[in-house]
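> predicted model, plus sequence, below.
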Amino acid sequence: MKAVYILIACICWWLPASAQADTPYIATDVHYYNADSSIRFGGTLTLPQGGENCPAVVLVSGTGRQDRDGTMAGHKMFRVMADYLGRHGIGVLRVDDRGVGTSTGNYAEATTADFAADALASLQWLRRHKGVNPHAVGLIGHSEGGAAAYMAAAASREVAFVISLAGLATPGLQALKQQNRALVNSASIPAQKKYRYNSVNDLMFDTVYTYAQSPDLEQHIRSAFAVWQRQDSLYLLHHPPDPDDKGRFFFPLESYIHVATGPWYRYHIRFDPAPWLEKVQAPILAVNGDKDLMVDAAQNLENFRKYTSRNKDVMIVKVPGLNHLFQHCITCTREEPATLKEDMAPGVLEMIVEWIRKQVVSPPVLPRSAPAHATHPSRQ
C-alpha cells in the first residue's frame, strides 16, 4: 500500500516459451485483454511441464507501479514465487500493472476497485487456458493486492481461493494513520520531530477523509495545513528544537496535495474492507509478518478473523521476524529490505504450496527443489 511517509472475452498473442534445463516448468510471455478490450495485459505464464489439470494462481501486486516480477527494493518477489510454485506443480500468471511494461492503461487513474477488476480479468483468462484446472484457480495478493484479491473473490465465485500476503484488512483512514505512525516512530529522529510529523499527518488524513468526495479538496487541505502551522508555532515556543539536531523538518505539502487529490487516494482513505470480506465464500489464507511496518500484522489479521466469521475455511497466520516483503529482518526499518539478501522466507513459500494443495483434489506432484529452511509461524 502507499505510504505517505512525511519525512471476458479475451484475445491473446503468444511469444516463444522457455524452460531451463533445471526447471520442471515452462514460462511463456502472454498478452490478453480485459472484457471490454480497454486494457491489454502483458504477463508471464508459468506451467508445469507435462502437467494436466493443474491448479494455478494469479499474482496481484500492491501499491505502486510494479512489473510482473513484483520488483521491490531490488527483490523480485513475484518471480521468486512463480519459480517456487512452478517447481511444485502450481501454475502462475504474473502480470505487469496497468501502464507498466507491456500492459496498457493509465495507472494514475486507477483505484483498488480497478485493480480487483484487473485481477478478475486475469483469473478468467487463466481459467480457460489449456492444462489448467478451471475449478482450482485462485488469487495471491500482496499488500493492497491482498485487498484487490478478496474484492475480486467477493464479486465472483470463479475465484477458487484467496491468499493474502501482508494484505490490507483495515479501513483506509486507520491504515494510513497506523502505517505512518509506525514509520515515523521507527525513524532515528528526536521525539519533538516525531510529534510534529505525527500531528501534521493525522490532521491531513482526517481532512482528506472528511472531504474525499469534494471538488474543493485541495483548498481544504491547504486550510488545514495553515491551521496546523499556527498550532505548530505555539508548540515550538514550549518545545524548541534540539540544538544538536541539524536535520530540517519538512512537510511536502505540494506533493501530498498531488497524491491526495488523485482518484486512488480518495478511494483508499474511505475504503472499508468489512463488506467485501463478509461476502467472500472462497477459502482464505491470510499471512502477515509481525515486523511489518506497512501493514500491522495484529490489527489486520484480527480484522480478517472478524470480517470472515461466516466463512468456515479461513487460516490466519502471523509469522515472527518477517517484514513487509516477508524477509527475515534485523533492524526491520523501512530502508533495510534493499540491504537484505533474502528475497522471501522459504517457510512462507512452503506454507503457500501446502495450503493450495489442501484446496484442490489430487494436485500433480513434481520433483521438489532443494529442501528449504522453514520459518516457524504462529498460527492464530
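Arrived safely, thanks for sending.
> which strands and helices sit next to the longest helix seen in the chain?
When the chain is parsed with DSSP state H, its longest helix is helix 217-238. When contacts are defined as 3 or more CB pairs under 8 Å, 6 or more residues apart in numbering; DSSP states H and E, helix 217-238 packs onto helix 191-210, helix 253-260. For every residue, glycine as well, the C-beta is placed using N, CA and C.
> got the domain boundaries for the chain?
Split into domains by automatic domain parsing, the chain comes to 13-171+282-379, 175-269.
> for Tyr209, see how far away Glu303 is.
Rather than Glu, residue 303 is Asn. As judged by CB to CB, to the nearest Å, Asn303 and Tyr209 stand 18 Å apart.
> secondary structure element holding Asp85?
Just to correct that, residue 85 is Leu rather than Asp. For Leu85, the enclosing helix or strand under DSSP states H and E is helix 77-87.
> which neighbouring elements make contact with that helix?
The contact analysis (3+ CB pairs under 8 Å, 6+ apart) places helix 77-87 against strand 25-33, strand 40-48, strand 54-60, strand 91-95, helix 346-359.
> other SSEs contacting the third one?
Applying 3+ CB pairs under 8 Å, 6+ apart, one finds that strand 54-60 contacts strand 40-48, helix 77-87, strand 91-95, helix 112-127, strand 132-142, helix 144-155, helix 346-359.
> who wins for proximity to Trp276 among the domains of the chain?
domain 13-171+282-379 (4.7 Å; CB to CB).
> and that closest one, how far from the chain's centre?
9 Å (CA atoms, centre = their mean, to the nearest Å).
> what of stretch 194-204?
That offset, for stretch 194-204, works out to 25 Å (CA atoms, centre = their mean).
> buried ones in it, by neighbour count?
Lys194, Arg196, Tyr197, Asn198, Val200, Asn201, Asp202, Leu203, Met204 (16 or more other CB atoms under 10 Å).
> isn't the first one right up against Ser188?
Meaning Lys194. No. Look at Lys194 against Ser188 with CB atoms under 8 Å: they stay out of range, at 10.3 Å.
> from memory Val58 sits against Ile140, does it?
Yes. Taking contacts as CB under 8 Å, Val58 lies within contact range of Ile140: 7.3 Å.
> in terms of neighbours, single out the busier of these two.
Val58 (30 against 26; other CB atoms under 10 Å).
> mind checking how far that one is from His129?
11 Å.
> how about Val200?
With CB to CB as the criterion, Val200 and His129 are 50 Å apart.
> do Glu254 as well
Counting by CB to CB, the gap from Glu254 to His129 is 46 Å.
> report the beta-bridge partners for the residue nearest to Leu123 when sequence neighbours are not counted.
Spatial nearest neighbour of Leu123, excluding adjacent residues (CB to CB, 6 or more residues apart in numbering): Val58 at 5.0 Å. On the basis of DSSP bridges, Val58 is bridged to Leu93, Leu139.
> and the gap between Val58 and Asp290?
For Val58, the distance to Asp290 equals 27 Å [CB to CB].
> quick one: Thr104 and Tyr33 touch, right?
No. Using CB under 8 Å, Thr104 makes no contact with Tyr33, being 9.3 Å away.
> which residue of the two possesses the greater neighbour count?
Neighbours per residue (other CB under 10 Å) separate Thr104 from Tyr33, with Tyr33 holding more: 18 against 15.
> pLDDT score assigned to the more buried one?
Here, the pLDDT recorded for Tyr33 equals 97.
> kindly report the same for His373.
With respect to pLDDT, His373 has a value of 31.
> what's the closest non-adjacent residue to Arg310?
Glu278 is the one closest to Arg310 (CB to CB, 6+ apart), at 7.0 Å.
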